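Chemist: here you go, sequence then predicted model.
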Amino acid sequence: MNRPPVIRDRGDHGTIGIQIIRVHLFLSCTQKQTVHMKIVAALTDPAHAARAQAQGADIVELRFDLITGDPVSIVQTCKKGCTLPVIATIRSAPEGGQFFGDAEEWIERLMPVIPHVDYVDVEQRFASYTPQIKKAGKQIIASHHTGEMPPLPELFMLERDLRAFGDIVKIIVTPHHKKDIIELIEFTHAIQKPLCTGVMGAQYRYARAILPLFGSQFIYCSIGSPTAAGQYSVEEYIRLRELMNGDCSC
């Protein structure tokens, strides 16, 4: 596998920005990569599913920790409005969501919708339930969200642990410096796929746009109310994707 050159931060933020561009040019010009990400519309209202599909989303995510009402009715409302695959997510409070229950409560709430969705987001704390979810024929998005930026060795170990129970690995971190973005790009490009990487917070939101260039295959966007700070709307990201898929002019 060809890898981008290892980049180190010398304290010059302008230099870092140039180096990010050079890494992209290295990949796009030598390997002629095309951006093949899928746009996930994260919904807090199932009635927005039709708009998500019309605007160009590839998948919809139902955030059951943010939506009130009968879970099965929520999925049915979503599917009346669109034909896209559906992710069921109940994000725990420690990972940035609004679910404060234990693992038994998590699976009890989730079980009724499993027959009606295509993917289930499963955090490590709930991994013991993956066999019964897989038995139902559903794909597992093994996810981890953290308010820190783990060092690269820890990211590789985390990916291994998530891959052990998931079909798709999703790792979302919180960069504190621009050099963290460089390391996240290196990790994203080097690691086994399928993979989704991203950032929490609005400070480095541009990383959400950059990471698909290096192999992150899902990007989570908003329709209506954002489910996380810094999210692009589906319409915004469609425009960005059109630009990023342009011909290389170097």
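Modeler: Yep, it's here.
Chemist: shaky segments in the protein?
Modeler: Low-confidence segments of the chain, defined by pLDDT under 70: 1-36, 246-250.
Chemist: could I get the full set of strands for it?
Modeler: 38-43, 59-63, 86-89, 119-123, 139-145, 168-173, 195-199, 218-222 (DSSP state E).
Chemist: so can I have TSV of the ones you listed showing distance to Ile238 and mean neighbour count?
Modeler: Where C-beta positions appear, they are placed from N, C-alpha and C, glycine not excepted. Formatted as TSV, these follow (distance: least, CB to CB, whole Å; neighbours: other CB atoms under 10 Å):
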stretch	distance to Ile238	mean neighbour count
strand 38-43	7	24
strand 59-63	14	25
strand 86-89	19	24
strand 119-123	21	24
strand 139-145	22	21
strand 168-173	21	23
strand 195-199	17	24
strand 218-222	9	24
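Chemist: and those strands as a markdown table, adding distance to Gly69?
Modeler: Shown next, in a markdown table, are those (distance: least, CB to CB, whole Å):
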| stretch | distance to Gly69 |
| --- | --- |
| strand 38-43 | 13 |
| strand 59-63 | 11 |
| strand 86-89 | 14 |
| strand 119-123 | 19 |
| strand 139-145 | 23 |
| strand 168-173 | 26 |
| strand 195-199 | 27 |
| strand 218-222 | 20 |
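Chemist: between those strands, which one is nearest to Tyr129?
Modeler: strand 119-123 (7.0 Å; CB to CB).
Chemist: returning to that earlier point: indicate which one of the strands of the chain is closest to Gln98.
Modeler: Of the strands of the chain, nearest to Gln98 by CB to CB is strand 59-63, at 8.4 Å.
Chemist: mind giving me the packing neighbours of that closest one?
Modeler: strand 38-43, helix 49-55, helix 71-81, strand 86-89 (3 or more CB pairs under 8 Å, 6 or more residues apart in numbering; DSSP states H and E).
Chemist: distance to Ala164 for the ones you listed - can I get that in CSV?
Modeler: As requested, these are exported to CSV (distance: least, CB to CB, whole Å):
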stretch, distance to Ala164
strand 38-43, 23
helix 49-55, 32
helix 71-81, 28
strand 86-89, 20
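Chemist: tell me which of the ones you listed sits nearest to Ile191.
Modeler: strand 38-43 (17.6 Å).
Chemist: can you list contacts of that closest one?
Modeler: 48-49, 52, 55-63, 67, 78, 84, 87, 217-224, 226-228, 231, 234, 237-238, 241 (CB atoms under 8 Å, 6 or more residues apart in numbering).
Chemist: what comes up buried for stretch 190-207?
Modeler: Neighbour counts over stretch 190-207 (16 or more other CB atoms under 10 Å) mark 190-191, 194-201, 204-205, 207 as buried.
Chemist: got the contact list for the nearest residue in space to Ser128 that is not next to it in sequence?
Modeler: With sequence-adjacent residues excluded and distances taken as CB to CB, 6 or more residues apart in numbering, Ser128 is closest to Ala103, at 7.2 Å. Residues in contact with Ala103 (CB under 8 Å, 6+ apart) are Arg125, Phe126, Ser128, Tyr129.
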